[in-house]
Each structure stands twice: as C-alpha cells, then as structure tokens.
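K.L.:
pasting the sequence and the predicted model now:
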Amino acid sequence: MKRWKQVRWTEAGQVTAILGWPLSEHDAQPPELFFDRLLAEGRDDDAAMFLGQALPRYEAVAWATQAVRDLAPPDLPQRDVEALDAALRWLTDPSDNRRRAAFDAAANASGTSPQRMCALAVFFSGGSLAPADLEPLLAPKDAAGKFAAGAVLTAATDSGRRQEGLRAALALGEALAVGNEDGRP
C-alpha cells in the first residue's frame, strides 16, 4: 500500500461521512487502506465514489477526464468531444473563465455522457455557480467528486468492458492520490 500524499483526509470516516455512508469499524483507517479494502471486497463502484471524494477537486477532475478519455469510443458526438476538451483546457489553466466555459460545453453535451459529467465536475470544482454579476453561490462540497466518480462509472459502463475499464480507472485515480504527476501507476 502506497501512502496517498495528495489526499488531505487522515481517516476514511472523514470521506465516508461526506458520502453519507453508515459508520463502520474501519472508519479510523487511512483512506488508502479503506480503498484497498473496498477493492478486495469487489466493491469497485463504492471505491470509485470514495476516490471521487477523497481526491482534491482538481485531482478528481484530472482523474475523471483522463479515465473518460481512455475509455471513450472513437466515434463520440462532437458536442461530447467539446465538453471533454473544455475540461482538459481547464486542467491546463484552472481559471474562472475556463470553468464557466466548461459549464457551457456541458449544457450542449449529451444528457448523461461521461464527457458532460467531466465538464460539470469542472464547473462544480470551485467558484460561484451564480452569474458573475450576482452574489456568489457556492457549490455543494461533494458535487465535483460525485460528478467525477459518475463520469468514471458511466465511461466504464459505456465502454463495453466495464470491469476492466473501471479497474484501470481506479488504478489511475490511486496513482493521482499517491502523487504520480502523470497519474499513471
């Protein structure tokens, strides 16, 4: 087990509380140990949701965007390509203008596409949800992680190789949690 240097939480229970999961005898474990337990128990979907909340928001978006790109079919609708591109552009320059552009791209993307969820993870990652000329309205703290994990789970399912794709995505997310710059194990 490698230490998750990028994760600020010291106990798994801090993450499971965000997810609204019931208390567990394992809540005092480090997040990386709890994650390993989820994988060992075959709870890959729960592992994805856990990872989405454990990672800092920027890393959660990076995880989802890379996993979605890796799992995407070659014939994506252009509107979904644009949503993923907006998320990728934000990762290179996490400015408020790019965050809002990701929201616009998400609005044009296919309704439940993982690319749309990536762009929404960007929009909900920080900053105000209200138009720039109105009083700030902050996103729920768990929104970016939920969209990121949802994007990963949907991309794995849509890929036609769900188990293999999800396991690869979880390994990618774990590498980001450990602190590998390229996000690869």
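P.N.:
Perfect, thanks for sending it.

K.L.:
residue farthest from the centroid of this protein?
P.N.:
D133 (28.7 Å; Cα atoms, centre = their mean).

K.L.:
mind checking pLDDT for E41?
P.N.:
At E41, the model reports a pLDDT of 97.

K.L.:
pass me the low-pLDDT residue ranges in the chain, would you?
P.N.:
The chain contains residues with pLDDT under 70 at 1, 181-185.

K.L.:
can you give me the helices in the protein?
P.N.:
With DSSP state H, the ranges of helices along the chain come out as 12-19, 31-40, 44-54, 57-71, 78-92, 96-108, 114-123, 143-158, 162-178.

K.L.:
tell me which of these sits most buried.
P.N.:
helix 114-123 (a mean of 31; mean count of other Cβ atoms under 10 Å). The way it works is simple: take the backbone N, C-alpha and C, and place the C-beta from them, glycine included.

K.L.:
give me the contact list for it.
P.N.:
When contacts are defined by Cβ atoms under 8 Å, 6 or more residues apart in numbering, helix 114-123 is touched by residues 57, 60-61, 64-65, 68, 71-72, 76, 80-81, 83-84, 86-87, 90, 98-100, 102-103, 105-106, 109-110, 129, 139, 143-145, 147-148, 150-152, 154-155, 158.

K.L.:
and if you look at stretch 26-41?
P.N.:
1-4, 7, 9-16, 44, 46-47, 50-51, 54, 170, 174, 177.

K.L.:
so G173 touches V68, yeah?
P.N.:
No - the pair G173 / V68 is not scored as a contact, 12.0 Å apart, by Cβ atoms under 8 Å.

K.L.:
mutual contacts of the two, please.
P.N.:
V152.

K.L.:
give the contact list for D44.
P.N.:
By Cβ under 8 Å, 6+ apart, the neighbours of D44 are L38, Q163, L166, R167, L170.
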